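A.B. asks: here is my input; please provide its structure:
(one chain, ligands or ions: 1)
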Amino acid sequence: MQHLVDTDNFSDAQLVNIFNDAKEFKKNMPDKLLKDKLLVTLFFESSTRTRSSFEIAGKRLGASFVHLDPSKSSTSKGESLEDTFANLCAMEPDGVIIRHEYNNTPQKLANRELTTVINAGAGNYAHPTQALLDYFTMLEHFKTDSLEGKTIAIVGDIVSSRVASSGIRLFTRMGMNVILVAPKPFMPNKDLPKYEKLDEVIDRVDIIMSLRAQLERHKAPIFEDYREYAKEYCITKERIEDRDILILHPGPVMRNIDISDEILEDSRCKVLTQVKNGVFVRMAILKELLLNS
Ligand code: NCD
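C.D. replies: Below is the predicted model of the structure:
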């Protein structure tokens, strides 16, 4: 039984398979490879893209879904998460897709070896499917099968971001240069080049990944006025000019704080391509986990 807690659960060969399959699925919709599979989604935090993307990916491959709403399930009656999970597993699903506020929840459930556990976002620790779809979007954009030597600047609330955590581990594994750009309260304690101003590195980057300030994770407000923050960190036309830089963002985008309206319309900005690719990449991931492993 293989789980996906973070991308290091996949070998290099599996990653190659996943990116090849995703590319193929984008060209030709495949057969219903997962028609006998049943997946449960268990999202303890809100989600727009990730949950629907998993469901659409699974359904494109013929899988069935059961969605458990934790606010209406027995965890809200005091049942432990472990017990809720064990009860769900007694009904023999082929996998549980989980999002949870704690960093270690997916690993803890995976250790029970009751079903395939797929991490759809855990605390600020990992969001592996987002990292894989971001990497795929970069491969596709640069029309290459390796991003070795490419430089990505991750800009924004990096310390709160599981997208950044998983991305940093995957991108460095793949030989990319990762630069962190953030004001001090948003900067994690990681051994990577760190800058407070994007302007200092703008001429060195091939890709900018902008991130939202995750206000819901801040114990106390960090900036009083995000318009002030935006003056330094918003990705605007004035800041990137006509440089050939790919702009990514995992969503949800805070318009004119993370990325300006104008840049969201710019062909260099691939936010909706990321969402589109997310389905193909998750199809490939589900196939790898449920059929190949
Ligand atoms: C992110 C998440 O939940 O980690 N969104 C996503 O899954 N694409 C980022 C966020 O909420 O800002």
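A.B. asks: can you list the buried residues in stretch 34-46?
C.D. replies: Applying a neighbour-count criterion of 16 or more other Cβ atoms under 10 Å, one finds 34, 37, 39, 40, 41, 42, 43, 44 buried in stretch 34-46. Heads up, the C-betas are built off the backbone N, CA and C, glycines and all.
A.B. asks: so what's residue 228 scoring on pLDDT?
C.D. replies: pLDDT for residue 228: 92.
A.B. asks: count of neighbours near it?
C.D. replies: 10 (other Cβ atoms under 10 Å).
A.B. asks: so how far is residue 272 from it?
C.D. replies: Per Cβ to Cβ, to the nearest Å, residue 228 is found 28 Å from residue 272.
A.B. asks: go on, residue 112?
C.D. replies: From residue 112 to residue 272 the distance is 37 Å (Cβ to Cβ).
A.B. asks: likewise residue 225?
C.D. replies: Distance from residue 225 to residue 272, by Cβ to Cβ: 29 Å.
A.B. asks: residue 96 too?
C.D. replies: When distance is defined by Cβ to Cβ, residue 96 is 29 Å away from residue 272.
A.B. asks: now the strands for this structure?
C.D. replies: Here the chain has its strands, by DSSP state E, at 38-43, 64-68, 95-100, 116-122, 151-155, 177-181, 194-195, 207-210, 246-248.
A.B. asks: which one of those lies nearest to the ligand?
C.D. replies: Nearest of those to the ligand, taken as Cβ to the nearest ligand atom: strand 116-122 at 4.6 Å.
A.B. asks: anything in that closest one near the ligand?
C.D. replies: Yes. Counting by Cβ under 6 Å from any ligand atom, contacts between strand 116-122 and the ligand involve residue 121.
A.B. asks: between that strand and strand 38-43, how big is the angle?
C.D. replies: 20 degrees (axes from the mean of the first three to the mean of the last three Cα atoms, to 10 degrees).
A.B. asks: could you say what helices and strands strand 116-122 packs with?
C.D. replies: helix 49-60, strand 95-100, helix 105-110, helix 128-142 (3 or more Cβ pairs under 8 Å, 6 or more residues apart in numbering; DSSP states H and E).
A.B. asks: so for the last one, mean pLDDT?
C.D. replies: Model confidence over helix 128-142 averages 98 on the pLDDT scale.
A.B. asks: return the residues in contact with residue 267.
C.D. replies: With contacts defined as Cβ atoms under 8 Å, 6 or more residues apart in numbering, residue 267 has no neighbours.
A.B. asks: return the backbone torsion pair for it.
C.D. replies: phi -70, psi -20 (degrees, to the nearest 10).
A.B. asks: mind checking pLDDT for it?
C.D. replies: In this prediction, residue 267 has a pLDDT value of 98.
A.B. asks: equivalent analysis for residue 65, please.
C.D. replies: We note a pLDDT of 98 for residue 65 in this prediction.
A.B. asks: equivalent analysis for the one 3 residues further on, please.
C.D. replies: At residue 68 the predicted local confidence, pLDDT, stands at 94.
A.B. asks: please apply the same query to the one 10 residues further on.
C.D. replies: According to the predicted model, the pLDDT of residue 78 comes to 85.
A.B. asks: if I look at it, how far off is residue 93?
C.D. replies: Taking Cβ to Cβ, one finds residue 78 at 23 Å from residue 93.
A.B. asks: out of the two, which sits in the busier spot?
C.D. replies: residue 93 (19 against 7).
A.B. asks: got the buried residues for stretch 14-27?
C.D. replies: Applying 16+ other Cβ under 10 Å to stretch 14-27 flags 14, 15, 17, 18, 19, 21, 22, 23, 25, 26 as buried.
A.B. asks: perfect, I'm done here.
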